[in-house]
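> Quick one: sequence plus predicted model below, questions after.
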Amino acid sequence: MRIEYIYAMISILLWSTTATVTKLLLSNLNSMQILLFSSFFAFIFLFIINIIKGNLKEIKKYKMKDFFKIASIGILGTFLYNLFLYLGINTLQASQAFIINYLWPIMTVLFACIFLKEKLTIKKIVALIISFIGVIVVTSNGNWSHFEKNSFIGMIYCVLAAISYGLFSVLNKKTKYNKYTTMMLFYLTSFFISFLYTIICRTTYVLEINQLFGLLWIGIFTSAIAFASWVIALEKGDTVRISNIAYMTPFISLVWTSIILKESFSIYSVIGLLIIMVGIFIQMNNSKDQL
């Protein structure tokens with residue numbers, strides 16, 4: 001196997017554990033607590049990587065407007081995205097939340113049409129509609145007459161997570177900053193906001209050893225290491241081919257949630273995921289778009 005695919009698979013395997021580990025942590029911690037500690041650990045790890053790579057000198061070149069731009073993008077991609085995802089995982093089954101979260105590629109296309117002036121075609125509109133049908137299938141779990149209140153709220157959280165990450169992806173694409181330094185600053189922004197929340201609410205946390213390990217896993221492995229490995233994979237291989245591999249993540253996540261969390265393997269979750277994937281692959285089709 002070529003080295004770029006090994007790096008890509010490392011990222012995918014780590015990302016696929018996010019829903020499972022987060023669900024376990026949510027049994028004793030809330031979403032903001034997870035965000036606080038995981039952002040801190042991710043920042044520290046990426047800080048060390050940037051020291052090793054000699055990237056910190058680049059930060060000295062940034063002006064105040066650069067820091068403001070990076071922080072604004074970081075709020076979307078690390079703070080709001082993770083907060084909404086954790087809230088969704090807390091409300092729904094972990095597998096359902098992670099599947100709905102994979103609306104973000106469609107959201108990226110939609111926001112690219114708005115901010116990058118890319119063409120909004122019939123194909124893209126159809127892809128968006130199909131993916132949302134997949135979300136409804138996952139959330140309804142076969143009960144077509146009505147949604148349970150918690151299911152609807154959880155769906156909203158996960159859709160908001162997808163919107164946040166889609167917008168983050170487009171705005172981040174427009175910047176030309178170093179990927180490692182900006183990701184480090186993204187997590188620093190997330191930690192800073194979470195820390196301010198902690199101070200305002202005057203809350204204190206005493207972590208148990210198993211919680212610490214879980215937070216270290218989310219912060220270092222599924223965030224920092226997965227990101228660094230993915231960047232290396234994209235740098236060494238074909239961007240389109242490597243990016244397509246990422247869509248294995250929710251399928252592998254279903255396996256983890258089934259084995260570790262003992263969540264039932266709902267046929268509607270699988271069908272909904274497949275429908276969402278159809279929508280994604282339609283908009284990824286490289287054939288010429290027709291209005």
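Nice, thanks for sending it over.

> helix or strand for Leu273, which one?
According to DSSP states H and E, Leu273 maps onto helix 267-284.

> Show me what that helix is packed against.
helix 94-101, helix 104-115, helix 122-140, helix 249-259 (3 or more Cβ pairs under 8 Å, 6 or more residues apart in numbering; DSSP states H and E). Yep, even glycine has a C-beta here, placed from its N, CA and C like the rest.

> Please identify the deepest-packed of these.
Highest mean neighbour count of those: helix 94-101, a mean of 29 (counted as mean count of other Cβ atoms under 10 Å).

> Only alpha carbons, please: show that helix as CSV.
Only the C-alpha atoms of helix 94-101 are listed here, as CSV (Å, rounded to 0.1, in the frame of the first residue of the first chain):
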residue,chain,number,x,y,z
ALA,A,94,-24.0,8.1,18.5
SER,A,95,-24.3,6.3,15.2
GLN,A,96,-27.2,8.5,14.1
ALA,A,97,-25.5,11.7,15.1
PHE,A,98,-22.3,10.9,13.2
ILE,A,99,-24.2,9.9,10.1
ILE,A,100,-26.2,13.2,10.0
ASN,A,101,-22.9,15.0,10.6
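
> Check what contacts the helix holding Leu273 and list those residues.
Residues outside helix 267-284 that contact it (Cβ atoms under 8 Å, 6 or more residues apart in numbering): 93, 95-96, 99, 102-103, 105-106, 109, 123-124, 126-142, 244, 247, 250-251, 254.

> Select from the helices and strands packed on helix 267-284 the stretch with the lowest mean pLDDT.
If these are sorted by mean pLDDT, helix 122-140 sits at the bottom with a mean of 81.

> and it, what other elements does it pack with?
Helix 122-140 is packed against helix 94-101, helix 104-115, helix 149-173, helix 267-284, with contacts defined by 3+ Cβ pairs under 8 Å, 6+ apart.

> All good on my end, thank you.
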